[in-house]
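1. got a predicted structure plus its sequence, pasted below:
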Amino acid sequence: MVLFGDYHTHTKYSGNGHGKGTVLENASAAANKGLKQIAITDHGFNHMTYGVNRKDMPQIREEILTAEEITGVKILLGVEANLTSRNGDIDIKEEDYEFLDVLLMGHHKLVYTEKAGDFFMLNLPNMFLSPFAPSKQRINRNTTAFLKALDKYPIDVITHLNYGCPTDTLAVARMARQKGTFVELNGKRINFTDQELEIMASEGVKFIVNSDAHRPDKVGECNNGLNTIFRLGLPLSQIVNIDKLPKFKNKRGQN
């Protein structure tokens, strides 16, 4: 069993010191660990403190080209977009797609929203209310937002589902399966029950194992996800970056 790629890594472009390394440092770490591909997926544009700046995307692409030449690792450019509304909006504009090989999306705190109601009804409850025993109303509101986002956007990967934003896990996973979106088994945290994972697998949901690395030495460190796969006996045929390269919706991400 070989992990071919790590498609959720951050760099210094995730601002204010949140990401620690450079594109080249991430790629070098990947090469040292035998990975064939990585993706640079810094935090989405609407994050109040950690978001990547749109004006930096061309520079990141240039750094990717250089790092590919030096390391031999294929590097995809992406972003970990933020859920920004109850109506399923995310912080991606049409013009952003020209830079993106892969699109990740997840819930994060401290995200700018276009409407105050979304900040007060979506962001604040998930920021301050307990993740344990959330109300049905809160779960339904979060779930609806994820389902609408999956329907609206060509999202490749849902990151750390349920972390800080409890949903109806199976409803989101089923929509992800219908839309050809991968559910992440995150290197830091997996917020699903074993039963939920087993049901997802039985229904054909496809998973991707990622590190969510915020510094270079963590690139490729996916033992949390790999151990879960082994422990539950999840089918390797449904893990899209083990023993194979995943196919993403953007054509550049498939080269």
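-> Everything's here; your move. Numbers count the residues shown, from 1 in each chain.

2. which stretches of the chain form helices?
-> Remark: helices assigned in the chain by DSSP state H are 23-32, 57-71, 116-118, 124-128, 136-152, 169-179, 194-202, 223-232.

3. which of those sits most buried?
-> Per residue and on average, the most neighbours among these fall to helix 23-32, with a mean of 22 (mean count of other CB atoms under 10 Å). For the C-beta atoms, the positions are set from N, CA and C on the backbone; glycine is no exception.

4. who does the worst-scoring helix or strand of the chain on mean pLDDT touch, helix- and strand-wise?
-> The weakest-scoring helix or strand in the chain, judged by mean pLDDT, DSSP states H and E, is helix 124-128 (a mean of 87). Packing partners of helix 124-128 (3 or more CB pairs under 8 Å, 6 or more residues apart in numbering; DSSP states H and E): helix 136-152.

5. what's the helix it packs on packed up against?
-> Using 3+ CB pairs under 8 Å, 6+ apart as the contact test, the elements touching helix 136-152 are helix 124-128, helix 169-179.

6. rank the helices of the chain by pLDDT, which is bottom?
-> Across the helices of the chain, helix 124-128 has the smallest mean pLDDT, namely a mean of 87.

7. just the CA trace of that one, in PDB.
-> Provided in PDB are the C-alpha atoms of helix 124-128 (Å, rounded to 0.1, in the frame of the first residue of the first chain):
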ATOM      1  CA  LEU A 124     -21.200  32.400  15.600                       C
ATOM      2  CA  PRO A 125     -23.100  29.300  16.700                       C
ATOM      3  CA  ASN A 126     -20.400  27.100  15.400                       C
ATOM      4  CA  MET A 127     -17.800  29.300  17.000                       C
ATOM      5  CA  PHE A 128     -19.200  29.500  20.500                       C
END
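
8. before we move on, back to that, what would the helices of the chain look like in TSV with distance to Leu110?
-> Below are the helices of the chain laid out as TSV (distance: least, CB to CB, whole Å):
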stretch	distance to Leu110
helix 23-32	24
helix 57-71	21
helix 116-118	14
helix 124-128	8
helix 136-152	17
helix 169-179	22
helix 194-202	28
helix 223-232	25
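
9. out of those, nearest to Phe99?
-> helix 57-71 (4.4 Å; CB to CB).

10. please state the offset of the closest one from the chain centre?
-> A distance of 21 Å separates the centroid of the chain from that of helix 57-71, by CA atoms, centre = their mean, to the nearest Å.

11. re earlier: of the helices and strands packed on helix 136-152, give the one that comes closest to Ile40.
-> helix 169-179 (22.6 Å).

12. that closest one - contacts with which helices or strands?
-> Judged by 3+ CB pairs under 8 Å, 6+ apart, helix 169-179 is in contact with helix 136-152, strand 182-186, helix 194-202.

13. turn the ones you listed into JSON lines, columns for distance to Ala67.
-> Listed next are the helices and strands packed on helix 169-179 as JSON lines, based on distance: least, CB to CB, whole Å:
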{"stretch": "helix 136-152", "distance to Ala67": "30"}
{"stretch": "strand 182-186", "distance to Ala67": "23"}
{"stretch": "helix 194-202", "distance to Ala67": "34"}
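
14. Thr9: which of these is closest?
-> Using CB to CB, those put strand 182-186 closest to Thr9, at 12.2 Å.

15. now the angle from that closest one to helix 169-179?
-> On the basis of axes from the mean of the first three to the mean of the last three CA atoms, to 10 degrees, strand 182-186 is oriented at 130 degrees to helix 169-179.
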